[in-house]
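[1] Pasting a predicted model and its sequence here:
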Amino acid sequence: MSGTTGAPAAEGAAAGHARIDELRGSIDVLDRQIVRLLAERTGVVMELTEHKRDEQTVRSPGRVEQVIEKVRRLADEQGMPPGIAEATYRTLIKELTDLQMVRLAERRAAAAEGAR
Ligand SMILES: O=C(O)C(=O)C[C@]1(C(=O)O)C=C[C@H](O)C=C1
């Protein structure tokens, strides 16, 4: 390690670029896994949505805070800054809540149509 950068002291520019490419390859593999898991999680949330009947249950603020607390703890256990996990999950849950509100409105409209 040299200084505070973490780069090997005698590393040349070419080796540095090769290592960046290699590490970006690792990031690409991880992103594929992360998105696959996020898609699977989204599928579970969308199935759960079909059992919700009102906006309060869609928003479930108490559950949101439970999830945030859980992912902050898990991040800490894995050596990742908890704030990154929290920001990521708050964005994810906001998008999923918006999707759930759209789905709830669709179901209500279909039910109202069926009642006519
Ligand atoms: O637990 C729920 O009720 C969900 O809809 C899942 C989820 C989540 O992504 O974890 C999404 C939206 C909020 O309502 C709360 C949590």
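    Here it is on my side, so go on. Numbering: from 1, shown residues only.

[2] For the residue of the chain found nearest the ligand, grab phi and psi.
    Scanning the chain for the residue nearest the ligand gives Ser60, at 3.9 Å (criterion: Cβ to the nearest ligand atom). All C-beta spots, glycine's among them, are computed from the backbone N, C-alpha and C. Main-chain dihedrals, Ser60, degrees, to the nearest 10: phi 30, psi 70.

[3] Show me what from the protein comes close to the ligand.
    Residues of the chain lying close to the ligand by Cβ under 6 Å from any ligand atom are 45, 48, 58-60, 63-64, 67, 93, 96-97.

[4] Now do the helix of greatest length in the chain: distance to the chain's middle.
    Looking across the chain with DSSP state H, the single longest helix is helix 13-49. Distance of helix 13-49 from its chain centroid, counting by Cα atoms, centre = their mean, to the nearest Å, is 11 Å.

[5] Packing partners of the helix or strand hosting Asp98?
    Taking DSSP states H and E as the definition, Asp98 sits inside helix 82-115. When contacts are defined as 3 or more Cβ pairs under 8 Å, 6 or more residues apart in numbering; DSSP states H and E, helix 82-115 sits against helix 13-49, helix 55-59, helix 61-77.

[6] Mean pLDDT and distance to Ala110 for the ones you listed - can I get that in JSON lines?
    Below are these laid out as JSON lines (pLDDT from 0 to 100; distance: least, Cβ to Cβ, whole Å):
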{"stretch": "helix 13-49", "mean pLDDT": "96", "distance to Ala110": "14"}
{"stretch": "helix 55-59", "mean pLDDT": "96", "distance to Ala110": "16"}
{"stretch": "helix 61-77", "mean pLDDT": "98", "distance to Ala110": "26"}
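
[7] Any chance of those in TSV with mean neighbour count as columns?
    Shown next, in TSV, are these (neighbours: other Cβ atoms under 10 Å):
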stretch	mean neighbour count
helix 13-49	11
helix 55-59	13
helix 61-77	13
